[in-house]
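# Just a sequence and a predicted model for now, questions to come.
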Amino acid sequence: MADKKAIIAQACDAGETFAKLYYETFDTKRPMVHQLVASHYAPDAVLVWNGNPLNGAEPIANFFGGLPPTKHTIEVLDVQPCPLLGHPMPLPLLVTVKGLVKYGKSPSKSFSQTFMLKPPAPGAGTYVVANDCFRCA
(Lines give C-alpha, C1' and ligand atoms only; values in the text may rest on other atoms or scores of the structure.)
Protein backbone atom coordinates (compact mmCIF):
# COMPACT_ATOMS: atom_id res chain seq x y z
CA MET A 1 0.00 0.00 0.00
CA ALA A 2 1.22 3.51 -0.81
CA ASP A 3 2.41 5.63 2.08
CA LYS A 4 -0.23 7.62 3.96
CA LYS A 5 0.96 11.03 2.75
CA ALA A 6 0.65 9.93 -0.89
CA ILE A 7 -2.81 8.44 -0.28
CA ILE A 8 -4.01 11.67 1.36
CA ALA A 9 -2.49 13.82 -1.41
CA GLN A 10 -4.21 11.72 -4.10
CA ALA A 11 -7.50 11.90 -2.20
CA CYS A 12 -7.24 15.68 -1.85
CA ASP A 13 -6.49 16.11 -5.55
CA ALA A 14 -9.46 13.93 -6.57
CA GLY A 15 -11.85 15.61 -4.09
CA GLU A 16 -10.79 19.13 -5.03
CA THR A 17 -11.10 18.35 -8.75
CA PHE A 18 -14.60 16.98 -8.19
CA ALA A 19 -15.70 19.98 -6.08
CA LYS A 20 -14.37 22.47 -8.63
CA LEU A 21 -16.26 20.73 -11.46
CA TYR A 22 -19.44 20.39 -9.37
CA TYR A 23 -19.74 24.02 -8.22
CA GLU A 24 -18.49 25.46 -11.51
CA THR A 25 -21.18 23.49 -13.36
CA PHE A 26 -23.89 24.69 -10.96
CA ASP A 27 -22.81 28.32 -11.08
CA THR A 28 -21.72 28.88 -14.69
CA LYS A 29 -22.83 25.89 -16.79
CA ARG A 30 -26.30 25.14 -15.44
CA PRO A 31 -27.58 23.57 -18.70
CA MET A 32 -24.93 20.85 -18.18
CA VAL A 33 -26.15 19.82 -14.71
CA HIS A 34 -27.97 16.76 -16.12
CA GLN A 35 -24.74 15.66 -17.80
CA LEU A 36 -22.83 16.24 -14.54
CA VAL A 37 -25.24 13.96 -12.66
CA ALA A 38 -25.21 11.34 -15.43
CA SER A 39 -21.42 11.17 -15.41
CA HIS A 40 -20.63 11.77 -11.73
CA TYR A 41 -23.52 10.24 -9.74
CA ALA A 42 -24.02 6.51 -9.28
CA PRO A 43 -27.36 5.29 -10.72
CA ASP A 44 -28.47 4.45 -7.15
CA ALA A 45 -27.07 7.65 -5.57
CA VAL A 46 -28.91 9.22 -2.66
CA LEU A 47 -29.32 12.98 -2.19
CA VAL A 48 -30.61 14.44 1.07
CA TRP A 49 -31.41 18.12 0.44
CA ASN A 50 -32.27 19.98 3.64
CA GLY A 51 -33.65 16.75 5.09
CA ASN A 52 -35.59 15.71 1.97
CA PRO A 53 -34.33 12.48 0.36
CA LEU A 54 -34.14 11.71 -3.35
CA ASN A 55 -33.06 8.32 -4.67
CA GLY A 56 -31.47 7.74 -8.06
CA ALA A 57 -29.52 9.84 -10.53
CA GLU A 58 -32.51 10.75 -12.72
CA PRO A 59 -34.65 12.27 -9.91
CA ILE A 60 -31.55 14.06 -8.59
CA ALA A 61 -30.78 15.53 -12.04
CA ASN A 62 -34.40 16.70 -12.41
CA PHE A 63 -34.33 18.29 -8.97
CA PHE A 64 -31.05 20.11 -9.65
CA GLY A 65 -32.38 21.29 -13.01
CA GLY A 66 -35.29 23.01 -11.25
CA LEU A 67 -33.16 25.03 -8.84
CA PRO A 68 -32.75 28.78 -9.43
CA PRO A 69 -29.37 30.15 -10.61
CA THR A 70 -26.67 29.86 -7.94
CA LYS A 71 -23.39 31.39 -6.90
CA HIS A 72 -21.32 29.34 -4.44
CA THR A 73 -18.43 30.70 -2.40
CA ILE A 74 -16.38 27.88 -0.90
CA GLU A 75 -14.88 28.76 2.47
CA VAL A 76 -13.70 25.31 3.56
CA LEU A 77 -13.13 22.08 1.65
CA ASP A 78 -11.88 18.92 3.32
CA VAL A 79 -11.21 15.56 1.71
CA GLN A 80 -10.58 12.35 3.59
CA PRO A 81 -9.82 8.91 2.18
CA CYS A 82 -11.99 6.24 3.80
CA PRO A 83 -10.02 3.04 4.20
CA LEU A 84 -12.26 0.01 4.19
CA LEU A 85 -11.00 -3.36 5.33
CA GLY A 86 -9.70 -5.18 2.29
CA HIS A 87 -10.76 -2.43 -0.16
CA PRO A 88 -8.25 -1.98 -2.97
CA MET A 89 -6.89 1.39 -4.03
CA PRO A 90 -8.21 3.93 -4.81
CA LEU A 91 -10.24 4.38 -1.64
CA PRO A 92 -13.70 5.92 -1.24
CA LEU A 93 -13.56 9.63 -0.36
CA LEU A 94 -15.47 11.79 2.08
CA VAL A 95 -15.65 15.37 0.75
CA THR A 96 -16.95 18.07 3.11
CA VAL A 97 -17.66 21.60 1.90
CA LYS A 98 -18.75 24.71 3.80
CA GLY A 99 -19.46 28.09 2.33
CA LEU A 100 -22.05 30.56 1.10
CA VAL A 101 -24.66 30.08 -1.61
CA LYS A 102 -26.77 32.71 -3.30
CA TYR A 103 -29.97 31.65 -5.11
CA GLY A 104 -31.06 34.09 -7.78
CA LYS A 105 -31.37 37.54 -6.22
CA SER A 106 -31.79 36.27 -2.64
CA PRO A 107 -29.20 37.10 0.02
CA SER A 108 -26.33 34.63 0.50
CA LYS A 109 -26.87 31.82 3.00
CA SER A 110 -24.46 29.48 4.74
CA PHE A 111 -24.41 25.92 3.48
CA SER A 112 -22.63 22.66 4.15
CA GLN A 113 -22.45 19.74 1.77
CA THR A 114 -20.96 16.31 2.24
CA PHE A 115 -20.27 13.87 -0.58
CA MET A 116 -19.34 10.21 -0.29
CA LEU A 117 -17.49 9.41 -3.50
CA LYS A 118 -17.11 5.83 -4.73
CA PRO A 119 -13.80 5.04 -6.39
CA PRO A 120 -13.78 4.67 -10.14
CA ALA A 121 -14.58 1.32 -11.65
CA PRO A 122 -11.57 -0.28 -13.32
CA GLY A 123 -10.85 1.68 -16.48
CA ALA A 124 -13.49 4.36 -15.70
CA GLY A 125 -11.11 6.94 -14.26
CA THR A 126 -13.58 9.07 -12.30
CA TYR A 127 -15.11 8.97 -8.85
CA VAL A 128 -18.91 8.93 -8.61
CA VAL A 129 -21.22 10.28 -5.91
CA ALA A 130 -22.82 7.58 -3.79
CA ASN A 131 -24.31 9.99 -1.23
CA ASP A 132 -24.79 13.77 -1.25
CA CYS A 133 -26.08 15.58 1.81
CA PHE A 134 -26.79 19.32 1.50
CA ARG A 135 -27.93 21.65 4.27
CA CYS A 136 -28.58 25.38 3.91
CA ALA A 137 -29.05 27.69 6.90
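Structure received. Residues are numbered from 1 along each chain as shown.

# Show me what the top helix by length along the chain is packed up against.
Ranked by residue count and defined by DSSP state H, the top helix of the chain is helix 4-28. Here helix 4-28 touches helix 33-40, strand 70-81, strand 93-103, strand 109-118, going by 3 or more Cβ pairs under 8 Å, 6 or more residues apart in numbering; DSSP states H and E. Yep, even glycine has a C-beta here, placed from its N, CA and C like the rest.

# Distance from it to the middle of the chain?
Chain-centre distance of helix 4-28: 9 Å, with Cα atoms, centre = their mean, to the nearest Å.

# could you give me the average pLDDT of that helix?
For helix 4-28, the mean per-residue pLDDT is 92.

# neighbouring contacts of it?
Applying Cβ atoms under 8 Å, 6 or more residues apart in numbering, the contact partners of helix 4-28 are 1-2, 32-33, 36, 40, 64, 69-72, 74, 77, 79-81, 89-91, 93, 95, 97, 115, 117, 127.

# Compute the inter-axis angle for it and helix 33-40.
160 degrees (axes from the mean of the first three to the mean of the last three Cα atoms, to 10 degrees).

# List the buried residues of helix 4-28.
Neighbour-count burial for helix 4-28, with 16 or more other Cβ atoms under 10 Å as criterion, is recorded at 7, 10-12, 14-15, 18-19, 22-23, 25-26.

# And for stretch 36-53?
By 16+ other Cβ under 10 Å, the buried positions in stretch 36-53 come out as 36-37, 40-42, 45-47, 49.

# average pLDDT for that stretch?
96.

# Straight-line length of it, end to end?
End-to-end distance for stretch 36-53: 19 Å, by Cα to Cα, to the nearest Å.
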